[in-house]
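A.B. asks: Give the three-dimensional model of this entry:
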Amino acid sequence: MTCNKGCKDWGFVGMTRVYIALGSNLGDSKRILTEAWATLGECERITLDGLSSPYLSAPVGMKSQHWFTNAVGRLHTDLEPLELLEVLLETEARFGRIRKSGSFGYQDRSLDLDLLYYGNVIMDVPELILPHPRIGERLFVLVPLRELDSELVDYATGKSVGEMQAALEHAMEVSGGKPQEIICDSWEPAHLEILS
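C.D. replies: Next up is the predicted model:
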């Protein structure tokens, strides 16, 4: 991995606050998410700072009989955005995620790590767009994000996470389309042990 293991005692000085979306719909998803989150915390240039409850959600934008387990985590890092993206991709691969080149659309996956916010950075390059362009379209991101940080404001739109969630729910109600199904779950003792 890009990061090396090591202990940190220097806090958040000089570090950027980052939000990561975690998702899985293959295998023991809760275990995969907690182990992946703990793996990120092993990087000496990353300090973990909170993980939401797990949420079970029906697939959005894809057909699958496998529901997802989703969560959102907050961390602090001095890695640059593309360096952090590389760490996320390496962690996905470590947990069995295979990204097929040339394939279109979303597929079932053992682990998905999406960089949602990196400080107040606005970025649009082939590898990465910040903030993540589909945050406002996904309850499975907005709900755990709001749980983790109810005061968070999307710096690209000026809207709070709560306002974004309300706007999405209203849009779904007005359109009469299929609602996004999401259920709050909880980590089990074995998962909390991984996180401790």
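A.B. asks: Name the helix or strand for the residue nearest in space to the middle of the chain, please.
C.D. replies: Centroid-nearest residue in the chain: residue 21, 0.5 Å away (criterion: Cα atoms, centre = their mean). Secondary structure from DSSP states H and E places residue 21 in strand 16-24.
A.B. asks: where in the chain is pLDDT low?
C.D. replies: For the chain, applying pLDDT under 70 flags the ranges 1-13, 62, 97, 99-106.
A.B. asks: Next one: residue 25 relative to residue 61, how far apart?
C.D. replies: 13 Å (Cβ to Cβ, to the nearest Å). Any C-beta I mention is one placed from the backbone N, CA and C, and that applies to glycine too.
A.B. asks: Show me which of the two is the more surrounded one.
C.D. replies: Remark: of residue 25 and residue 61, residue 25 carries more neighbours, 25 against 10, as counted by other Cβ atoms under 10 Å.
A.B. asks: What helix or strand is the closest residue to residue 88 other than its chain neighbours located in?
C.D. replies: Closest residue to residue 88 apart from its sequence neighbours, by Cβ to Cβ, 6 or more residues apart in numbering: residue 113 at 4.1 Å. Per DSSP H and E: residue 113 is located in strand 112-118.
A.B. asks: quick one, that strand and strand 16-24 angle?
C.D. replies: 160 degrees (axes from the mean of the first three to the mean of the last three Cα atoms, to 10 degrees).
A.B. asks: Run through the strands of the protein in chain order.
C.D. replies: 16-24, 46-51, 55-57, 68-77, 112-118, 123-125, 128-130, 182-184 (DSSP state E).
A.B. asks: Partner strands of the longest one, with direction?
C.D. replies: Looking back up the chat, that one is strand 68-77. strand 16-24 (antiparallel), strand 46-51 (antiparallel), strand 55-57 (antiparallel) (DSSP bridges).
A.B. asks: Quick check: residue 163 vs residue 157, distance?
C.D. replies: Taking Cβ to Cβ, one finds residue 163 at 9 Å from residue 157.
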